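S.K.: Output the structure for:
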Amino acid sequence: MNTDNPESRMTIRVTPNAPRNEITGYREGVLSVKIAAPPVRGKANRELITFLSKTLGVSKSTISVLKGETGRHKVVAVSGLTPEEILQRLSM
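M.R.: Here you go, the predicted structure:
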């Protein structure tokens, strides 16, 4: 793996149609996130990427959904950050 540009993967459990976007916890390696957008035509995925990019301080282009496009459980890749940096930025 290239240490100049690490890619980290994280498992996320998404709850769509929430009143606001927020991180609700981190347990057993799974980040729980509530997203305000509905799970229609990729809106929740796009909102998740936007929310994570703002929270982590990275551009949206560095975040991608690898697995779980249509489900609540997703595997998301973040380029440029180590797992430790992600947890630090999420204040977990």
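
S.K.: Pairing-wise in the sheet, spell out the partners of residue 75.
M.R.: residue 11, residue 67 (DSSP bridges).

S.K.: doesn't residue 46 fall inside a helix?
M.R.: Yes. Using DSSP: H, G, I helix; E, B strand; the rest coil, the secondary structure at residue 46 is a helix.

S.K.: quick one: which helix or strand includes the nearest residue to it once chain neighbours are set aside?
M.R.: Using Cβ to Cβ, 6 or more residues apart in numbering and skipping residues adjacent in sequence, the residue nearest residue 46 is residue 37, 7.2 Å away. C-beta: built from backbone N, CA, C; applies to glycine. Using DSSP states H and E, residue 37 sits within no helix or strand.

S.K.: Can you get me a residue count around residue 37?
M.R.: Number of residues near residue 37 (other Cβ atoms under 10 Å) recorded here: 19.
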